[in-house]
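J.: Provide a 3D model corresponding to the input given below.
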Amino acid sequence: VTYVLSFASWLYVLRFVPLGVAFALINVVHVLVPVGSWAILGEVVTARRWLGIALVLSGIVLVARQVAVAEEKL
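T.: Predicted coordinates for the structure are as follows:
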């Protein structure tokens, strides 16, 4: 049931956001899972993983910024 709901929400998002942007932004899961396990479960997150999280967040910010600039031009 949750898989079907996830798929339905993905299709809904694609109605409003270009595929390239949506696919880039879905990588936020690689940030939320380790940060959530660190904050809620008290798991240890290594420095290498924090570096990866920072890189993923940087990529997401770059994509989101490009979309915002493109929308301003419209």
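
J.: where does the chain dip in pLDDT?
T.: Applying pLDDT under 70 to the chain flags residues 74.

J.: center of it - which residue?
T.: Centroid check for the chain by CA atoms, centre = their mean gives V28 as the closest residue, at 2.2 Å.

J.: quick check: that residue touching I60?
T.: Yes. Using CB atoms under 8 Å, V28 makes contact with I60 at a distance of 6.1 Å. Backbone N, C-alpha and C define where each C-beta goes, glycine included.

J.: between the two, which contacts overlap?
T.: The contact sets of V28 and I60 do not overlap (CB atoms under 8 Å, 6 or more residues apart in numbering).

J.: got the CA positions of the helix or strand encompassing P34 in CSV?
T.: Applying DSSP states H and E as the criterion places P34 in helix 29-41. Taking C-alpha atoms only, helix 29-41 is exported to CSV below (Å, rounded to 0.1, in the frame of the first residue of the first chain):
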residue,chain,number,x,y,z
VAL,A,29,16.6,10.5,1.1
HIS,A,30,20.4,10.0,1.3
VAL,A,31,20.4,12.8,3.7
LEU,A,32,17.3,12.1,5.7
VAL,A,33,18.0,8.5,6.5
PRO,A,34,21.5,8.9,8.1
VAL,A,35,20.5,12.2,9.9
GLY,A,36,17.3,10.6,11.2
SER,A,37,19.1,7.5,12.4
TRP,A,38,21.7,9.7,14.1
ALA,A,39,19.1,12.0,15.7
ILE,A,40,16.5,9.5,16.6
LEU,A,41,18.4,6.2,17.1
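
J.: can you list contacts of that helix?
T.: So helix 29-41 is contacted by 43-45, 49, 52-53, 56-57, 60 (CB under 8 Å, 6+ apart).

J.: if anything else comes up later, I'll come back, but that's it for now.
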